[in-house]
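Trainee: Structure here, sequence nowhere to be found:
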């Protein structure tokens, strides 16, 4: 390539008139304190990160408000939620027994913890100021466990089939709780629900609709 004296002089003149400016600050997210497995410091080998070493995270908001479900920040609420999560873990091998025991849980907890079913006679008066609803609590626990990231404790099909079994055992009480949960999670899609959590929600919603003949108030959507 031949040297062009005119172009070289023009380029030097242009560089003389360039005004320097400061770049804006860039905030880099902090690195998670996670150990990498099988990474050599002197090579460019891809890092293999164990899934069980990632910190667990849950959806930004539960399907129901804390007014009708146990508050995990109180001793009573924490005890109830822990017992229900343990029931899911113990009876993961049998969804039918798990669903039956979950609906019978008020028999095994402190009296008056949950509101009685509509039309049922209350053997014990509910605790004043406590409006816990069993079905809403069960759906919040099951869906909250299903949507744990990076992966749920058990396969997604267990939680999906468990909700189906609950609907079959008590459709009049579990059905409305399922509808509220679907509407709440659907609304969270617009608020930035995690992509993986949204994928699991879509999978559950699709299977649930197919199990019940795609019956839904479609006019609302």
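Mentor: Alright, I've got the coordinates. Here the structure is a predicted model, which means the values were calculated and not measured.

Trainee: Any regions of this protein where pLDDT drops low?
Mentor: 1-19, 21, 26-66, 118-130, 220-221 (pLDDT under 70).

Trainee: residue boundaries of the helices in the chain?
Mentor: 5-16, 75-90, 95-103, 134-146, 156-169, 171-188, 195-211 (DSSP state H).

Trainee: got the ones you listed as a markdown table, with mean neighbour count columns?
Mentor: (C-beta placed from N, C-alpha, C; glycine too.) Output for the helices of the chain, formatted as a markdown table (neighbours: other C-beta atoms under 10 Å):
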| stretch | mean neighbour count |
| --- | --- |
| helix 5-16 | 9 |
| helix 75-90 | 15 |
| helix 95-103 | 18 |
| helix 134-146 | 24 |
| helix 156-169 | 19 |
| helix 171-188 | 17 |
| helix 195-211 | 15 |
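
Trainee: out of the ones you listed, nearest to residue 112?
Mentor: helix 75-90 (11.2 Å; C-beta to C-beta).

Trainee: which residues touch the closest one?
Mentor: Here helix 75-90 makes contact (C-beta atoms under 8 Å, 6 or more residues apart in numbering) with 70-72, 98, 101-102, 105, 109-110, 113, 132, 137-138, 141-142, 145, 153-154, 159, 162.

Trainee: Tell me if I'm right that residue 145 and residue 153 touch.
Mentor: Yes: in this structure, residue 145 is within contact of residue 153 by C-beta atoms under 8 Å, at 6.5 Å.

Trainee: now residue 86: how far from residue 193?
Mentor: Distance, residue 86 to residue 193, using C-beta to C-beta, to the nearest Å: 27 Å.

Trainee: With residue 108 instead?
Mentor: Distance, residue 108 to residue 193, by C-beta to C-beta: 34 Å.

Trainee: who has more neighbours, these two?
Mentor: Taking neighbours as other C-beta atoms under 10 Å, residue 108 and residue 193 compare with residue 193 leading, 19 against 10.

Trainee: The more buried one and residue 170, how far apart?
Mentor: Plainly put, residue 193 is 28 Å away from residue 170 if you go by C-beta to C-beta.

Trainee: Now render the helices of the chain as JSON lines, adding distance to residue 217.
Mentor: Shown next, in JSON lines, are the helices of the chain (distance: least, C-beta to C-beta, whole Å):
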{"stretch": "helix 5-16", "distance to residue 217": "66"}
{"stretch": "helix 75-90", "distance to residue 217": "29"}
{"stretch": "helix 95-103", "distance to residue 217": "25"}
{"stretch": "helix 134-146", "distance to residue 217": "18"}
{"stretch": "helix 156-169", "distance to residue 217": "16"}
{"stretch": "helix 171-188", "distance to residue 217": "8"}
{"stretch": "helix 195-211", "distance to residue 217": "12"}
